[in-house]
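J.: Sharing a model that was predicted from the sequence below.
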Amino acid sequence: MTKQRIGIWIIGAWGGVSTTAAIGLLSLQKGLTGTSGLVSEHPYFEKLDLAGWDQMVIGGHEIRDTSFMEAAKHFSETSGVFHPALLQAVEPELNEFDKNVKPGTLIHVGDTIRSLASDAVKKFDQESLQDTLARLSGDMAAFQKQHDLAHVVVVNLASTEPPVEESAKALNLSELKEALASADTSPIPASALYAVAAINAGCSHLNFTPSAGTDLPALIELAEEKQVLHAGRDGKTGETLMKSVLAPMFAHRNLNVMSWVGHNIFGNLDGKVLDDPVNKSNKVHSKDHLLTEILGYKPQTLVSIEYIESMGDWKTAWDHIHFKGFLDTKMSLQFTWQGTDSILAAPLVLDMVRFTEREWRRGNRSGVMTHLSSFFKSPMQATTPEFERQYQQLEEWANTVSEE
């Protein structure tokens, strides 16, 4: 492949996952880390001729007043993830990435997320909806031009919004266009506005959050019309990943799951936002629907998410599965998943950018990328909820691309 440069434009640029992705990318560029945790570095995908790490540059939108280094230092102090020597080694490049970060929007983000915003972002409350869209799209286009980028992949890593309004779900494409052109307020939330801006700028779009993003009928139509690739929704990194692996085992062995309880605690910024019941409801739904889809029936379930500030980015998920076997004998399985939320998520973001750019480069530049389903809790247009089968779809896609 030619050494064309690729842009990663992150919504929520100075958050935990995005900061970890930026540090990870620079560490890979400088040869300061191995490739553990990166799916795209598995030998199976060597045949794909994926973009190299040195071809990528990061920018994005943010609502808070901080920087990559400030976020990284805070992250390290609260969670002990980044070694000081590593931060020192990548600091100059992180400072350069900061120059690419622009003010985002607060439209329909909810009170909790709004409370985190800087005055520099709040001043845009007075601009029209049309000006907001033009500004967001213009930022992405300017980033591509400034850095001479062949393509830009927009990744939504912002905090979880409140559930999208039913009126937004009902819009078709013509109604959406009319509403965006004339309305004083947005019929769709910020995540979808960023997606519209990305589509208008010709950027691919990935939604790693439970927020709506492109997962609305009108936006799916718009992406088709503008010939833009997109995928989502909600990154699958921990407890739900385990569910998508374990639930098929119970189904295939015909073991009746009577109840499945999952308790999650963590203390990062995402956890703070999810401490708001309105925002939390969106995340709980994303984590809870999977079991019914895999098992074919709905056991009694309980998903709890609690903000424990002292945990920092370290997330603990404890699950109790109560099931019934032969002769109606009741048994149980318990597991505990402990990991650093951002360390688990960030490499998947980099993976998806590489896979998306490869799909764009092959000339297929429109529609939902269902081959990325294994990366998401609620993958758009997925044909199966089981992790293993979803991963097989990624391998099948790789085979097709490599044979062309």
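T.: It's in.
J.: what's the longest helix in the chain?
T.: Looking across the chain with DSSP state H, the single longest helix is helix 341-361.
J.: after that helix comes which helix or strand?
T.: Later in the chain than helix 341-361, the nearest helix or strand by DSSP states H and E is strand 367-368.
J.: Parallel or antiparallel, list what pairs with that next one.
T.: Using DSSP bridges, the strands paired with strand 367-368 are strand 229-232 (parallel).
J.: all strands for this structure, in order.
T.: 5-11, 56-62, 101-103, 149-156, 204-207, 229-232, 256-266, 300-307, 314-324, 330-340, 367-368 (DSSP state E).
J.: name the helices or strands packed onto the third one?
T.: Taking 3 or more Cβ pairs under 8 Å, 6 or more residues apart in numbering; DSSP states H and E as the contact definition, the neighbouring helices and strands of strand 101-103 are strand 56-62. (Glycine included, C-beta is placed from N, CA and C.)
J.: Check the second one too.
T.: Counting by 3+ Cβ pairs under 8 Å, 6+ apart, the packing neighbours recorded for strand 56-62 are strand 5-11, helix 16-29, helix 84-98, strand 101-103, helix 129-146.
J.: Reformat the ones you listed as a markdown table; add mean pLDDT, mean neighbour count and distance to residue 233.
T.: Listed next are those as a markdown table, based on pLDDT from 0 to 100; neighbours: other Cβ atoms under 10 Å; distance: least, Cβ to Cβ, whole Å:
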| stretch | mean pLDDT | mean neighbour count | distance to residue 233 |
| --- | --- | --- | --- |
| strand 5-11 | 98 | 26 | 13 |
| helix 16-29 | 97 | 25 | 15 |
| helix 84-98 | 96 | 15 | 26 |
| strand 101-103 | 97 | 20 | 24 |
| helix 129-146 | 96 | 18 | 20 |
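J.: Can I get those in CSV including distance to residue 310?
T.: Shown next, in CSV, are the helices and strands packed on strand 56-62 (distance: least, Cβ to Cβ, whole Å):
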stretch, distance to residue 310
strand 5-11, 27
helix 16-29, 16
helix 84-98, 22
strand 101-103, 29
helix 129-146, 36
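J.: So residue 330 sits against residue 258, correct?
T.: Yes. At 7.4 Å, residue 330 and residue 258 qualify as touching, with contact defined as Cβ atoms under 8 Å.
J.: Give me the more crowded residue out of the two.
T.: Between residue 330 and residue 258, counting by other Cβ atoms under 10 Å, residue 258 is the more crowded of the two (13 against 10).
J.: My read is that that one contacts residue 325, right?
T.: No. Assessed by Cβ under 8 Å, residue 258 is found out of contact with residue 325, at 11.0 Å.
J.: Minimum distance to residue 86: which of the strands of the chain has it?
T.: Judged by Cβ to Cβ, the one of the strands of the chain that comes nearest to residue 86 is strand 330-340, at 14.4 Å.
J.: List the buried residues of that closest one.
T.: Residues 337, 339, 340 are the ones in strand 330-340 that count as buried (16 or more other Cβ atoms under 10 Å).
J.: what residues are up against the last one?
T.: What that stands for is residue 340. By Cβ atoms under 8 Å, 6 or more residues apart in numbering, the contact list for residue 340 reads 79, 81, 313, 314, 315.
J.: Tell me which residues touch the second one, please.
T.: Okay, so that is residue 81. Residue 81 neighbours (Cβ under 8 Å, 6+ apart): 20, 75, 313, 340, 342, 343.
J.: Same list, those residues, but as a markdown table with distance to residue 358 please.
T.: Below are those laid out as a markdown table (distance: Cβ to Cβ, whole Å):
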| residue | distance to residue 358 |
| --- | --- |
| 20 | 23 |
| 75 | 30 |
| 313 | 30 |
| 340 | 28 |
| 342 | 25 |
| 343 | 24 |
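J.: Return the closest of these with respect to residue 101.
T.: Within the contacts of residue 81, proximity to residue 101 (Cβ to Cβ) peaks at residue 20, which comes in at 15.6 Å.
J.: Quick check, the closest one in contact with residue 344.
T.: No. Residue 20 is beyond contact range of residue 344, at 9.4 Å (criterion: Cβ under 8 Å).
J.: How many neighbouring residues does residue 344 have?
T.: Residue 344 has 20 neighbouring residues, counting by other Cβ under 10 Å.
J.: on that earlier part again, any idea which of the strands of the chain gets closest to residue 90?
T.: Between residue 90 and these, the shortest gap by Cβ to Cβ is with strand 56-62, which sits at 11.5 Å.
J.: now the angle between helix 341-361 and the closest one, please.
T.: Orientation check (axes from the mean of the first three to the mean of the last three Cα atoms, to 10 degrees): strand 56-62 against helix 341-361 gives 110 degrees.
J.: what are the pairing partners of strand 56-62, and which direction each?
T.: Paired strands of strand 56-62, with direction, are strand 5-11 (parallel), strand 101-103 (parallel) (DSSP bridges).
J.: Just the CA trace of it, in CSV.
T.: These are the backbone C-alpha positions of strand 56-62, laid out as CSV (Å, rounded to 0.1, in the frame of the first residue of the first chain):
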residue,chain,number,x,y,z
MET,A,56,-2.0,7.8,11.8
VAL,A,57,-2.6,11.2,13.5
ILE,A,58,-5.2,12.1,16.1
GLY,A,59,-7.6,15.0,16.6
GLY,A,60,-11.1,15.4,17.8
HIS,A,61,-13.9,17.3,19.6
GLU,A,62,-14.0,17.8,23.4
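J.: related to what we said a few turns ago, of all the strands paired with strand 56-62, which lies closest to residue 194?
T.: Closest to residue 194 of those, according to Cβ to Cβ: strand 5-11, at 5.0 Å.
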